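Participant: Let's see this in three dimensions:
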Amino acid sequence: NQAAVQRLQALLQATHVKWLTVTAIQHDRIVGQLSHLPHIVAAALVDQTQVALADSALGLRLAAGGFKSITRIASSDPTMWAAILMTNAELITNQLQDYIDQLLRIKTAIRVHDQATLYEFFATAKVTRDHLGPEQLGGLPNFYDLFLNVPDRVGALADVTQRLAQAQLSLVNIHILEIREEIDGVLQLTFSDLKTRTQASSLLADAGYQIVRRN
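Facilitator: Okay, here's the model as predicted:
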């Protein structure tokens, strides 16, 4: 409803939010698959692992990079997520069933030692995952990303944000990617315009930070 969209944009104009307008059906389908389903999967994996390793003295103490990365969103607020799932129930249950069917297919392949199917499963996922990101699929409008390595030491993140603040370079978003134990992390910084991103890139490169890429 265009009139409703305009009212909402007028209401929130003071926040300087950037708008990406989609239909309600598009919204529910996209966030169901990219947000709601992953939250269910992450929480289920944590719960199942807790039960599976309940009799182990080490148990979740050994959970490191891969497990932490895939289950990070399981730390989200349970009250909020229980409510979210109720608002999009039919679509989420359909998407969840598709995921369950995929798991059952892989379960069968493992049981019968079908290595070809397992290889195809992982190879297809790798190709898709490796092509995620704005440099491959195209970025969202009016956002400019900068990726840099940050050392795994106390104060590293604060140093980056402090340098940007001192230079009066405003961030839209900040996100830590690909965190594993005992190696550097990749920091994604998002800016609202190309000029700010360019200034930030020069500033941080001069400070000794390795710029991984720009989108």
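Participant: What separation do you get for the most far-flung residue of the chain relative to its centre and Asp159?
Facilitator: Within the chain, the residue lying farthest from the chain centre (C-alpha atoms, centre = their mean) is Val112, at 33.8 Å. Per C-beta to C-beta, to the nearest Å, Val112 is found 53 Å from Asp159. Any C-beta I mention is one placed from the backbone N, CA and C, and that applies to glycine too.
Participant: Next: Leu34.
Facilitator: Note on Leu34: its distance to Asp159, by C-beta to C-beta, is 32 Å.
Participant: again with Phe121
Facilitator: Using C-beta to C-beta, Phe121 is found at 41 Å from Asp159.
Participant: go on, Gln188?
Facilitator: In this view, Gln188 and Asp159 are 16 Å apart by C-beta to C-beta.
Participant: got it, and Glu90?
Facilitator: Taking C-beta to C-beta as the measure, Glu90 falls 47 Å from Asp159.
Participant: does Ile174 count as helix, strand or coil?
Facilitator: Of the three states, Ile174 takes strand according to DSSP: H, G, I helix; E, B strand; the rest coil.
Participant: Could you find the closest non-adjacent residue to it?
Facilitator: Ranked by C-beta to C-beta, 6 or more residues apart in numbering and with sequence neighbours excluded, the top spatial neighbour of Ile174 is Leu189, at 5.7 Å.
Participant: which residues of the chain score low on pLDDT?
Facilitator: 133-142, 178-185, 214-215 (pLDDT under 70).
Participant: can you pull out the helices in it?
Facilitator: Ranges of helices in the chain, per DSSP state H, are 2-11, 24-31, 37-52, 65-71, 78-87, 89-111, 115-130, 134-137, 156-166, 194-206.
Participant: Deepest in the core, which of those helices is it.
Facilitator: helix 194-206 (a mean of 16; mean count of other C-beta atoms under 10 Å).
Participant: Show me what the residue nearest to Ile174 bridges to in the sheet.
Facilitator: Leu146, Ile174 (DSSP bridges).
Participant: from what I can see it touches Tyr144, true?
Facilitator: No - at 9.1 Å, Leu189 does not count as touching Tyr144 under the criterion of C-beta atoms under 8 Å.
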